[in-house]
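Chemist: Sharing a sequence plus its predicted fold:
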Amino acid sequence: MKIINLAVLISGSGRTLQNFIDLIAKGELPAKIQAVISSKPGVAGLDRAKKHNIPAFTINRKEFKTAEEFSEAINKVLKNYPIDLIAMAGFLNLYKIPTEYERKVMNIHPALLPEFGGKGFYTDKVHEAVLKAGAKFTGCTVHFADNVYDKGPIILQRKIPVLASDTPHSLADRVFEEELIAYPEAIRLFAEGKIKIEDTKVTILK
């Protein structure tokens, strides 16, 4: 299986990044993390990267007037590394994807898209909306990102029931357990060349 070169975009604790690091160390994720970029300074995810000798960069979104300027700063860093796939991992900003990375940027969302997605639907706000709507099921969605929040072809989803006792926090915890499985699975499929995209639909090849 091909070992793919990953860039990971973060905005916070880096729990998903740590999952990637752990699975790579165990030989369960065919990837090498070339660079980690955070949209916020001083977050724990940067410390996780540095602990494992992964090049880590801060590109502070607040220092840029537009998403285009912010994205170009990210691209300047990425151009210094051989990148096969960019994984957004708790990345809370819009990244304008250049042509060379089209269909090479994945994102994971803590709900079953297309529901409970879009600008403003992140962290506990997603789970609060799920509970308020009385949804019976929720889960997570891995998709190819495009230049609109939470759009782009869906690769895979994992579903869990919403319990009567759930709070936004408990729901977030249970959804995250599914994310730990779903995101690496999607990356493996990419590495194996098993993802076929036609228009807005993904087919997983046998």
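Modeler: Thanks, I have it.
Chemist: Every contact and neighbour count from this point should use C-alpha atoms.
Modeler: Noted.
Chemist: who's in contact with residue 180?
Modeler: Residue 180 makes contact with 16, 19 under the criterion CA atoms under 8 Å, 6 or more residues apart in numbering.
Chemist: just the one 4 residues further on next, same as before
Modeler: The neighbours of residue 184, taking CA under 8 Å, 6+ apart as the test, are 20, 29.
Chemist: what pLDDT does it get?
Modeler: Here, the pLDDT recorded for residue 184 equals 98.
Chemist: burial of residue 26, as a residue count?
Modeler: Counted by other CA atoms under 10 Å, the residues lying close to residue 26 total 9.
Chemist: Show the residue spans covered by the strands in the protein.
Modeler: Applying DSSP state E to the chain gives strands spanning 4-10, 31-38, 56-58, 85-88, 105-109, 137-144, 154-161, 195-198, 201-204.
Chemist: And the helices in this structure, which stretches?
Modeler: Under the criterion DSSP state H, the chain contains helices at 15-25, 44-51, 67-78, 124-133, 168-191.
Chemist: returning to that earlier point: could you take the strands of the chain and lay them out as TSV, with extra columns for mean neighbour count and mean pLDDT?
Modeler: Shown next, in TSV, are the strands of the chain (neighbours: other CA atoms under 10 Å; pLDDT from 0 to 100):
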stretch	mean neighbour count	mean pLDDT
strand 4-10	24	98
strand 31-38	23	98
strand 56-58	18	98
strand 85-88	24	98
strand 105-109	25	95
strand 137-144	23	96
strand 154-161	19	97
strand 195-198	14	94
strand 201-204	14	94
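Chemist: out of the ones you listed, nearest to residue 123?
Modeler: Nearest to residue 123, of all the strands of the chain, is strand 105-109, at 9.2 Å by CA to CA.
Chemist: any idea of the angle that closest one forms with strand 137-144?
Modeler: Interaxial angle, strand 105-109 versus strand 137-144 (axes from the mean of the first three to the mean of the last three CA atoms, to 10 degrees): 170 degrees.
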